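# structure of the sequence below:
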Amino acid sequence: MDAQLYLAYDYPLFSAFWTMLWFFLWILWFILLFRIVVDLFRDDDLGGWAKAGWLVLLIVLPFLGVLGYVIARGKGMGRREAAHVRAQQQAFDSYIRRTAAGPDHSHGGSEIADLARLSDIRARGDISDEEFRLAKERILH
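Next up is the predicted model:
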């Protein structure tokens, strides 16, 4: 018989699923371990010696260290992550506002915002194309 055919008989489907389960649990373990290390270094309330102690525990006794960290500080992990995400979103929103506003803030809005409002007015049919052109020239000059 062919070598691949023998492999199919020696490695049943259940063993394949069992191997996949262990593989995914192994990946999950590393994701959890790295999240804990990131949370450990992101936490400003924890001192250097406490961080070093947790890190040594995570390296020397990883299962006990991860279990202890999640029990002792797991609730704070979620709060710190939410605060980090909130700060990133605020920084992004601030960047977008600054970028969209443009360099000229002289009359309550940027030229781009004024042109967008003017375009909306023309699209509604409230002004003619000639009025739009004149207003656009006034905004741009």
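# tell me which residue is most central in this protein.
Nearest to the mean C-alpha position of the chain, by Cα atoms, centre = their mean, lies Val85 at 6.7 Å.
# does that one sit in a helix, a strand or a coil?
What DSSP: H, G, I helix; E, B strand; the rest coil gives for Val85 is helix.
# tell me the domain ranges of this structure?
Domain ranges of the chain: 3-101, 106-141, per automatic domain parsing.
# report the next helix or strand after the helix or strand of the chain with the lowest mean pLDDT in sequence order.
Between all helices and strands in the chain, the lowest mean by mean pLDDT, DSSP states H and E belongs to helix 3-10, at a mean of 57. Where DSSP states H and E defines the elements, the next helix or strand beyond helix 3-10 is helix 13-42.
# could you point out which element follows that next one?
helix 48-60.
# for that next one, list every residue counted as buried.
Residues of helix 48-60 classed as buried by neighbour count (16 or more other Cβ atoms under 10 Å): 54, 58. The way it works is simple: take the backbone N, C-alpha and C, and place the C-beta from them, glycine included.
# so which other helices or strands are in contact with it?
helix 13-42, helix 62-101 (3 or more Cβ pairs under 8 Å, 6 or more residues apart in numbering; DSSP states H and E).
# show residues contacting that helix.
With contacts defined as Cβ atoms under 8 Å, 6 or more residues apart in numbering, helix 48-60 is touched by 33, 36-37, 40-41, 43, 46, 64-66, 68-69.
# what would those residues look like in a markdown table with pLDDT and distance to Phe23?
Putting those into a markdown table (pLDDT from 0 to 100; distance: Cβ to Cβ, whole Å) gives the following:
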| residue | pLDDT | distance to Phe23 |
| --- | --- | --- |
| Leu33 | 93 | 16 |
| Ile36 | 94 | 21 |
| Val37 | 93 | 22 |
| Leu40 | 92 | 26 |
| Phe41 | 90 | 28 |
| Asp43 | 88 | 31 |
| Leu46 | 87 | 33 |
| Leu64 | 93 | 23 |
| Gly65 | 92 | 23 |
| Val66 | 92 | 19 |
| Gly68 | 92 | 26 |
| Tyr69 | 92 | 24 |
